[in-house]
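# the following block contains a protein sequence and its predicted model.
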Amino acid sequence: MADNAKGRIIKGVGGLYTVRLSDRDLQCRARGSFRHSNITPLVGDCVTLGIDERGDAVIDRIDERKNSLIRPPLANIDYIFVTMAAASPKPMLDMTDKLCAILEHNYITPVIVVGKCELDREYANEIKSIYEKAGYRVFILSCVTGEGIDEIQAFVDGNLAGKISAFAGASGVGKSTLLNKLFPSLELGTGEVSRKVERGKHTTRTVTLFEVCGEGGYLADTPGFSMLDFDRFDFFDIENLPNVFPEIHECVGLCKYTKCSHTKEEGCEVLKKVRRGEMAKSRHDSYVELYNVLKNKPKWK
Ligand SMILES: Nc1nc2c(ncn2[C@@H]2O[C@H](COP(=O)(O)OP(=O)(O)O)[C@@H](O)[C@H]2O)c(=O)[nH]1
Ligand SMILES: [Mg+2]
Ligand SMILES: [Zn+2]
(Lines give C-alpha, C1' and ligand atoms only; values in the text may rest on other atoms or scores of the structure.)
(Ligands and ions follow the chains in the order given, each with its own letter.)
Protein backbone atom coordinates (compact mmCIF):
# COMPACT_ATOMS: atom_id res chain seq x y z
CA MET A 1 0.00 0.00 0.00
CA ALA A 2 2.89 2.37 0.83
CA ASP A 3 4.74 1.23 -2.30
CA ASN A 4 6.04 4.24 -4.22
CA ALA A 5 4.47 6.69 -1.77
CA LYS A 6 6.42 9.94 -1.39
CA GLY A 7 6.88 11.76 1.86
CA ARG A 8 9.15 13.75 4.15
CA ILE A 9 11.13 12.34 7.06
CA ILE A 10 9.99 14.34 10.09
CA LYS A 11 11.73 12.34 12.82
CA GLY A 12 14.51 9.77 13.12
CA VAL A 13 15.56 7.82 16.21
CA GLY A 14 18.01 4.94 16.13
CA GLY A 15 17.42 4.00 12.50
CA LEU A 16 13.64 4.22 12.80
CA TYR A 17 12.17 7.04 10.74
CA THR A 18 8.81 8.74 10.82
CA VAL A 19 7.76 9.62 7.27
CA ARG A 20 4.89 12.04 6.77
CA LEU A 21 2.80 10.99 3.80
CA SER A 22 -0.04 13.06 2.41
CA ASP A 23 -2.60 11.21 4.51
CA ARG A 24 -0.69 9.83 7.52
CA ASP A 25 2.62 9.27 9.31
CA LEU A 26 4.42 5.96 8.81
CA GLN A 27 7.28 4.49 10.85
CA CYS A 28 9.85 2.61 8.84
CA ARG A 29 13.52 1.75 8.37
CA ALA A 30 15.78 2.39 5.42
CA ARG A 31 16.47 -0.33 2.88
CA GLY A 32 19.71 -2.17 3.72
CA SER A 33 21.29 -1.07 0.45
CA PHE A 34 21.80 2.47 1.82
CA ARG A 35 24.47 1.10 4.13
CA HIS A 36 26.64 0.30 1.11
CA SER A 37 26.17 3.72 -0.46
CA ASN A 38 27.34 5.64 2.63
CA ILE A 39 24.09 7.59 2.77
CA THR A 40 22.02 7.83 5.93
CA PRO A 41 18.52 9.23 5.69
CA LEU A 42 18.19 12.57 7.47
CA VAL A 43 15.25 14.38 8.96
CA GLY A 44 14.09 16.74 6.20
CA ASP A 45 14.76 14.26 3.41
CA CYS A 46 12.12 13.76 0.74
CA VAL A 47 11.86 10.01 0.27
CA THR A 48 10.08 7.36 -1.75
CA LEU A 49 8.88 4.27 0.08
CA GLY A 50 8.96 0.67 -1.06
CA ILE A 51 8.06 -2.73 0.39
CA ASP A 52 10.78 -5.11 1.58
CA GLU A 53 10.88 -8.93 1.43
CA ARG A 54 8.92 -9.16 4.67
CA GLY A 55 6.20 -6.89 3.39
CA ASP A 56 7.20 -3.92 5.54
CA ALA A 57 7.40 -0.36 4.26
CA VAL A 58 11.01 0.84 3.82
CA ILE A 59 12.73 3.99 2.61
CA ASP A 60 13.71 3.13 -0.95
CA ARG A 61 14.97 6.39 -2.43
CA ILE A 62 16.18 9.72 -1.09
CA ASP A 63 15.70 12.75 -3.33
CA GLU A 64 18.77 14.83 -4.00
CA ARG A 65 19.39 17.24 -1.11
CA LYS A 66 19.60 21.00 -1.38
CA ASN A 67 21.88 20.98 1.68
CA SER A 68 22.56 19.05 4.87
CA LEU A 69 23.75 19.82 8.37
CA ILE A 70 25.82 17.42 10.44
CA ARG A 71 24.83 18.73 13.83
CA PRO A 72 21.93 18.88 14.23
CA PRO A 73 21.39 16.25 11.53
CA LEU A 74 18.98 17.92 9.15
CA ALA A 75 18.52 18.17 5.37
CA ASN A 76 16.90 20.60 2.93
CA ILE A 77 16.75 23.69 5.11
CA ASP A 78 15.30 26.79 3.42
CA TYR A 79 15.40 29.52 6.08
CA ILE A 80 17.46 30.05 9.18
CA PHE A 81 16.40 32.84 11.48
CA VAL A 82 19.70 34.14 12.82
CA THR A 83 18.59 35.35 16.21
CA MET A 84 20.39 37.68 18.59
CA ALA A 85 19.44 40.03 21.42
CA ALA A 86 20.10 43.79 21.27
CA ALA A 87 21.65 43.24 24.72
CA SER A 88 21.93 40.52 27.37
CA PRO A 89 23.64 38.60 25.88
CA LYS A 90 25.63 41.06 23.78
CA PRO A 91 25.45 40.25 20.04
CA MET A 92 28.50 38.68 18.39
CA LEU A 93 28.47 40.23 14.95
CA ASP A 94 31.57 38.34 13.74
CA MET A 95 29.86 35.02 14.51
CA THR A 96 26.69 36.28 12.84
CA ASP A 97 28.60 37.16 9.68
CA LYS A 98 30.38 33.81 9.61
CA LEU A 99 27.08 32.01 10.06
CA CYS A 100 25.40 34.03 7.29
CA ALA A 101 28.33 33.23 4.95
CA ILE A 102 27.99 29.52 5.66
CA LEU A 103 24.22 29.71 5.12
CA GLU A 104 24.71 31.51 1.78
CA HIS A 105 27.14 28.81 0.72
CA ASN A 106 24.52 26.17 1.49
CA TYR A 107 21.59 27.91 -0.26
CA ILE A 108 19.89 28.71 3.02
CA THR A 109 18.27 32.15 3.28
CA PRO A 110 19.35 33.97 6.45
CA VAL A 111 16.71 36.08 8.17
CA ILE A 112 18.11 38.37 10.86
CA VAL A 113 16.19 38.70 14.11
CA VAL A 114 17.18 41.24 16.78
CA GLY A 115 15.20 40.54 19.93
CA LYS A 116 15.03 42.26 23.35
CA CYS A 117 15.10 45.57 21.46
CA GLU A 118 13.59 47.41 24.41
CA LEU A 119 16.95 46.93 26.19
CA ASP A 120 18.98 48.90 23.61
CA ARG A 121 16.91 50.38 20.84
CA GLU A 122 19.78 52.39 19.38
CA TYR A 123 22.00 49.35 18.93
CA ALA A 124 19.08 47.32 17.58
CA ASN A 125 18.58 49.96 14.86
CA GLU A 126 22.30 49.95 14.09
CA ILE A 127 22.27 46.16 13.60
CA LYS A 128 19.21 46.49 11.37
CA SER A 129 21.03 48.97 9.18
CA ILE A 130 24.16 46.78 8.97
CA TYR A 131 22.23 43.75 7.69
CA GLU A 132 19.75 45.62 5.49
CA LYS A 133 22.74 47.00 3.58
CA ALA A 134 23.79 43.39 3.01
CA GLY A 135 20.34 42.78 1.49
CA TYR A 136 18.92 40.72 4.33
CA ARG A 137 15.46 40.82 5.87
CA VAL A 138 15.81 42.12 9.42
CA PHE A 139 13.23 42.03 12.18
CA ILE A 140 13.63 44.06 15.38
CA LEU A 141 11.33 42.99 18.15
CA SER A 142 10.67 42.62 21.84
CA CYS A 143 8.71 39.82 23.41
CA VAL A 144 8.31 42.03 26.51
CA THR A 145 6.69 45.07 24.86
CA GLY A 146 5.32 43.13 21.89
CA GLU A 147 6.70 45.58 19.35
CA GLY A 148 7.78 44.11 16.02
CA ILE A 149 5.96 40.82 16.60
CA ASP A 150 3.24 41.52 14.01
CA GLU A 151 5.84 42.12 11.29
CA ILE A 152 7.73 38.86 11.84
CA GLN A 153 4.44 37.00 12.29
CA ALA A 154 3.30 38.26 8.87
CA PHE A 155 6.61 37.18 7.32
CA VAL A 156 6.38 33.73 8.92
CA ASP A 157 2.74 33.28 7.88
CA GLY A 158 3.48 34.40 4.34
CA ASN A 159 6.73 32.55 3.64
CA LEU A 160 7.18 29.32 5.60
CA ALA A 161 4.57 27.14 3.88
CA GLY A 162 6.31 24.32 2.02
CA LYS A 163 9.69 25.23 3.55
CA ILE A 164 11.92 23.92 6.33
CA SER A 165 13.02 26.60 8.77
CA ALA A 166 15.01 26.75 11.98
CA PHE A 167 15.98 29.37 14.52
CA ALA A 168 19.67 29.66 15.40
CA GLY A 169 21.32 31.85 17.98
CA ALA A 170 23.22 31.80 21.22
CA SER A 171 21.54 30.48 24.33
CA GLY A 172 19.47 33.07 26.18
CA VAL A 173 18.76 35.42 23.24
CA GLY A 174 15.05 34.62 23.47
CA LYS A 175 14.46 32.04 20.73
CA SER A 176 12.02 29.87 22.68
CA THR A 177 10.11 32.90 23.96
CA LEU A 178 9.70 34.16 20.39
CA LEU A 179 8.80 30.73 18.98
CA ASN A 180 6.07 30.39 21.58
CA LYS A 181 4.61 33.69 20.38
CA LEU A 182 4.86 32.83 16.69
CA PHE A 183 3.80 29.18 16.98
CA PRO A 184 1.79 28.84 20.23
CA SER A 185 0.84 25.24 19.45
CA LEU A 186 4.48 24.14 19.83
CA GLU A 187 4.57 24.87 23.59
CA LEU A 188 8.36 25.01 23.78
CA GLY A 189 10.13 25.39 27.11
CA THR A 190 11.82 28.73 27.85
CA GLY A 191 14.42 29.95 30.36
CA GLU A 192 14.64 27.34 33.12
CA VAL A 193 13.55 24.42 30.98
CA SER A 194 15.90 25.17 28.11
CA ARG A 195 18.87 25.25 30.51
CA LYS A 196 18.13 21.66 31.40
CA VAL A 197 18.26 20.80 27.72
CA GLU A 198 21.60 22.60 27.45
CA ARG A 199 23.15 20.23 29.96
CA GLY A 200 22.44 17.28 27.71
CA LYS A 201 24.24 19.10 24.93
CA HIS A 202 26.83 16.49 24.12
CA THR A 203 24.49 13.55 23.91
CA THR A 204 23.20 12.54 20.50
CA ARG A 205 20.62 15.00 19.33
CA THR A 206 17.47 14.11 17.61
CA VAL A 207 15.65 16.60 15.47
CA THR A 208 11.92 16.65 14.98
CA LEU A 209 10.12 18.68 12.34
CA PHE A 210 6.90 20.34 13.42
CA GLU A 211 4.32 21.26 10.86
CA VAL A 212 3.74 25.03 10.83
CA CYS A 213 1.91 27.43 8.52
CA GLY A 214 0.18 24.55 6.72
CA GLU A 215 1.05 23.07 3.33
CA GLY A 216 4.11 21.13 4.41
CA GLY A 217 5.82 24.01 6.20
CA TYR A 218 8.15 22.65 8.87
CA LEU A 219 10.02 24.12 11.79
CA ALA A 220 13.01 22.21 13.10
CA ASP A 221 12.96 22.01 16.85
CA THR A 222 16.61 22.18 17.70
CA PRO A 223 17.06 22.71 21.42
CA GLY A 224 20.07 24.91 22.15
CA PHE A 225 20.88 25.12 18.45
CA SER A 226 23.67 27.68 18.64
CA MET A 227 25.94 29.36 16.13
CA LEU A 228 28.72 27.01 17.17
CA ASP A 229 26.88 24.05 15.70
CA PHE A 230 27.94 25.36 12.34
CA ASP A 231 31.63 24.84 12.95
CA ARG A 232 31.47 21.48 11.25
CA PHE A 233 29.12 22.70 8.56
CA ASP A 234 30.34 22.19 5.02
CA PHE A 235 32.70 25.13 4.54
CA PHE A 236 33.91 26.97 1.44
CA ASP A 237 37.19 27.80 -0.26
CA ILE A 238 38.74 31.25 -0.35
CA GLU A 239 37.69 31.62 -4.01
CA ASN A 240 34.05 31.42 -2.92
CA LEU A 241 34.34 33.87 -0.04
CA PRO A 242 33.31 37.00 -2.02
CA ASN A 243 30.22 35.18 -3.26
CA VAL A 244 28.89 34.44 0.23
CA PHE A 245 28.81 38.12 1.22
CA PRO A 246 25.95 39.44 -0.98
CA GLU A 247 27.16 43.05 -0.88
CA ILE A 248 30.67 41.95 -1.97
CA HIS A 249 29.34 39.52 -4.56
CA GLU A 250 27.71 42.50 -6.30
CA CYS A 251 31.15 44.06 -6.83
CA VAL A 252 32.94 41.01 -8.22
CA GLY A 253 34.58 41.93 -11.53
CA LEU A 254 34.24 45.68 -11.02
CA CYS A 255 37.49 46.35 -9.10
CA LYS A 256 40.62 47.82 -10.70
CA TYR A 257 42.54 44.56 -10.40
CA THR A 258 40.93 41.36 -11.65
CA LYS A 259 42.52 39.41 -8.81
CA CYS A 260 41.39 41.93 -6.16
CA SER A 261 41.00 40.25 -2.77
CA HIS A 262 38.74 43.10 -1.58
CA THR A 263 40.80 43.37 1.61
CA LYS A 264 43.09 46.37 0.97
CA GLU A 265 43.78 47.05 -2.74
CA GLU A 266 43.51 50.50 -4.26
CA GLY A 267 40.67 50.76 -6.76
CA CYS A 268 38.64 48.16 -4.88
CA GLU A 269 34.91 48.72 -5.34
CA VAL A 270 34.12 46.95 -2.06
CA LEU A 271 36.36 49.30 -0.08
CA LYS A 272 34.72 52.26 -1.87
CA LYS A 273 31.35 50.92 -0.76
CA VAL A 274 32.56 50.72 2.84
CA ARG A 275 33.90 54.30 2.63
CA ARG A 276 30.58 55.52 1.22
CA GLY A 277 28.76 53.77 4.10
CA GLU A 278 26.95 51.37 1.75
CA MET A 279 28.55 48.33 3.36
CA ALA A 280 29.03 48.12 7.13
CA LYS A 281 32.62 48.23 8.34
CA SER A 282 31.86 45.36 10.76
CA ARG A 283 30.80 43.18 7.81
CA HIS A 284 33.98 43.99 5.92
CA ASP A 285 36.07 43.29 9.04
CA SER A 286 34.41 39.86 9.26
CA TYR A 287 35.18 39.27 5.58
CA VAL A 288 38.87 40.09 6.13
CA GLU A 289 38.98 37.85 9.20
CA LEU A 290 37.55 34.91 7.24
CA TYR A 291 39.84 35.72 4.31
CA ASN A 292 42.88 35.40 6.57
CA VAL A 293 41.63 32.14 8.08
CA LEU A 294 40.96 30.61 4.66
CA LYS A 295 44.25 31.88 3.21
CA ASN A 296 46.18 29.88 5.78
CA LYS A 297 44.12 26.76 5.46
CA PRO A 298 44.87 23.84 3.17
CA LYS A 299 42.21 23.37 0.46
CA TRP A 300 39.06 21.55 1.50
CA LYS A 301 38.47 18.40 -0.42
N1 LIG B 1 14.16 41.85 28.30
C2 LIG B 1 13.72 40.85 27.51
N3 LIG B 1 13.89 39.57 27.90
C4 LIG B 1 13.45 38.59 27.10
C5 LIG B 1 12.81 38.87 25.85
N6 LIG B 1 12.51 37.70 25.26
C7 LIG B 1 12.94 36.72 26.10
N8 LIG B 1 13.50 37.25 27.21
C9 LIG B 1 14.08 36.52 28.36
O10 LIG B 1 15.34 36.00 27.99
C11 LIG B 1 15.59 34.75 28.68
C12 LIG B 1 15.97 33.66 27.68
O13 LIG B 1 14.86 33.39 26.86
P14 LIG B 1 14.69 32.02 26.05
O15 LIG B 1 13.48 32.18 25.18
O16 LIG B 1 14.70 30.86 26.96
O17 LIG B 1 16.04 32.03 25.18
P18 LIG B 1 16.67 30.87 24.26
O19 LIG B 1 17.76 30.26 25.07
O20 LIG B 1 17.23 31.60 23.07
O21 LIG B 1 15.60 29.93 23.88
C22 LIG B 1 14.30 34.44 29.45
O23 LIG B 1 14.48 34.83 30.81
C24 LIG B 1 13.26 35.32 28.78
O25 LIG B 1 12.22 35.68 29.64
C26 LIG B 1 12.63 40.25 25.48
O27 LIG B 1 12.10 40.59 24.42
N28 LIG B 1 13.12 41.18 26.35
MG1 LIG C 1 15.42 27.84 24.11
ZN1 LIG D 1 37.98 44.56 -4.67
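Structure's in. What do you need? Ligands and ions are numbered 1, 2, ... in the order given.

# residue 110 reaches residue 103, doesn't it?
Yes - using CB atoms under 8 Å, residue 110 is in contact with residue 103, at 4.7 Å. C-beta here means a position set from N, CA and C on the backbone, and glycine is covered the same way.

# which positions in the stretch 151-300 of the chain make contact with ligand 3?
255, 260, 262, 268, 270 (CB under 5 Å from the ion).

# most neighbours, which of those residues?
residue 270 (26 neighbours; other CB atoms under 10 Å).

# contacting residues around it?
Contacts for residue 270 (CB atoms under 8 Å, 6 or more residues apart in numbering) come out as 247, 248, 251, 255, 260, 262, 279, 284.

# please report the distance of residue 266 from ligand 2.
Using CB to the ion, to the nearest Å, residue 266 is found at 47 Å from ligand 2.

# and that residue, helix, strand or coil?
coil (DSSP: H, G, I helix; E, B strand; the rest coil).

# pLDDT value on the closest residue to it other than its chain neighbours, please?
Of all residues not flanking residue 266 in the chain, residue 256 sits nearest, at 6.8 Å (CB to CB, 6 or more residues apart in numbering). Model confidence at residue 256, given as pLDDT, is 98.

# measure how buried residue 256 is and give me the count.
Using other CB under 10 Å, residue 256 has 10 neighbouring residues.

# assign a three-state SS to residue 103, would you?
helix.

# got a list of what it touches?
80, 82, 109, 110.

# wait, a strand at the second one?
Yes - with three-state DSSP as the criterion, residue 82 is located in a strand.

# ok now do it, which residues does it touch?
Residue 82 makes contact with 96, 99, 100, 103, 110, 111, 112, 113, 168, 169 under the criterion CB under 8 Å, 6+ apart.

# and the gap between the most centrally placed residue in the chain and ligand 1?
Of all residues in the chain, the one closest to the mean position by CA atoms, centre = their mean is residue 80, 3.2 Å from it. Distance of residue 80 to ligand 1, given as CB to the nearest ligand atom, to the nearest Å: 14 Å.

# one more: residue 265?
40 Å.

# find the nearest non-adjacent residue to that residue, please.
Nearest non-adjacent residue to residue 265, counting by CB to CB, 6+ apart: residue 257, 5.7 Å away.

# ok, now which ones touch the residue in the stretch 1-150 of the chain positioned nearest to ligand 3?
Closest residue of the stretch 1-150 of the chain to ligand 3, CB to the ion: residue 134 (16.4 Å). Contacts for residue 134 (CB under 8 Å, 6+ apart) come out as 100, 245, 246, 247, 279, 280, 283.
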